[in-house]
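Student: Provided below are the primary sequence and the corresponding predicted coordinates.
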Amino acid sequence: MSERRWILSAALGLFILSMPFAQGADPKTVKPAWEMEKQFEKEQEEGKAAAEAAAAANIANAFNVFFIGYDVPTLSGPLADDLAAFEGPVNFSLGIETSATQGSSFLSGAEGEFSITVNDIGMRLLMNSMALFGYSFELTPMRLNLGIRAGLSVLDVTTDGNSTNTYMALGLVFGPETALYLALDPSSWIWVRGRYSMAAYTSLDSDASPIGTGNDSLDCLSLEAGLAFKI
């Protein structure tokens, strides 16, 4: 009985050992399980490293620019008539814009707008400091940026010989905008931008000024164009 059991065990062992050969496997090329597991882990690590490198490159090549340009503002609203005598050619803007990744992604930025007029009547200084929140669409070789800007506005008016129309005011400015960037090369762009903004002011020094008497808001349609450089 024990001899028969031994013969059956030996036959079963030979059957198991012969299975790889029956499938055409060479025992010299059959890898142990621990080697296969090690190779699998290595492939996983290499894939993870490649994905991390691609993600880092995507962020490193994100749309991140410094821009400067010329501004053509058109003023309207209650305060516009009081500022009509101070229209002038010195209007410019500068700032930065940054997207989250190289492709289409969320957009943020900051911009300063400056409008300065000095003439025989006096002087007007209008400064807007605004933050941008929006979305940037990658349309190679162009980029379309849509967003909303909001921030602070400072208005300083000096009218020679007229203290009533000499004042400084602080306000809040807010409005939507659209900008289109066209790549000149990987590190520079030309751009155009359109924005409609609304500002509400409070006088800092004179209740007799136009702002103090109720003309305390100003609307502005801005058309801008300029250059941008990668930072």
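Tutor: On my side now, so go ahead.

Student: count of residues packed around residue 151?
Tutor: For residue 151, the count of nearby residues is 19 (other CB atoms under 10 Å). Every residue, glycine included, has its C-beta placed from N, CA and C.

Student: Bridging across strands, which residues link to it?
Tutor: Beta-bridge partners recorded for residue 151 (DSSP bridges): residue 130, residue 173.

Student: distance of it from residue 119?
Tutor: Here the criterion is CB to CB, to the nearest Å. By it, residue 151 lies 27 Å from residue 119.

Student: now do residue 155
Tutor: 17 Å.

Student: Compare those two (neighbour count), which wins?
Tutor: residue 155 (23 against 12).

Student: Next up, the contacts around the closest residue to that one other than its chain neighbours.
Tutor: Spatial nearest neighbour of residue 155, excluding adjacent residues (CB to CB, 6 or more residues apart in numbering): residue 169 at 4.5 Å. Residue 169 makes contacts with 154-156, 201-204, 209, 211, 216, as judged by CB atoms under 8 Å, 6 or more residues apart in numbering.

Student: in which helix or strand would I find residue 169?
Tutor: strand 167-185 (DSSP states H and E).

Student: list the buried ones in that strand?
Tutor: Using 16 or more other CB atoms under 10 Å as the test for burial, strand 167-185 gives 167-169, 171, 173, 175, 177, 179-181, 183.

Student: Could you list the paired strands of the helix or strand that that strand is followed by along with their orientation?
Tutor: The helix or strand immediately downstream of strand 167-185 is strand 188-203, counting by DSSP H and E. Here strand 188-203 is paired, per DSSP bridges, with strand 167-185 (antiparallel), strand 217-230 (antiparallel).

Student: would TSV of these with mean pLDDT and distance to residue 78 be doable?
Tutor: As requested, the strands paired with strand 188-203 are exported to TSV (pLDDT from 0 to 100; distance: least, CB to CB, whole Å):
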stretch	mean pLDDT	distance to residue 78
strand 167-185	96	12
strand 217-230	97	5
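
Student: Nearest to residue 70, out of the ones you listed?
Tutor: strand 217-230 (6.1 Å; CB to CB).

Student: The closest one: which residues count as buried?
Tutor: Of all the residues in strand 217-230, those buried under the rule 16+ other CB under 10 Å are 217-220, 222, 224, 226, 228.

Student: Same check on stretch 99-109?
Tutor: 99-101, 104-105, 107, 109.
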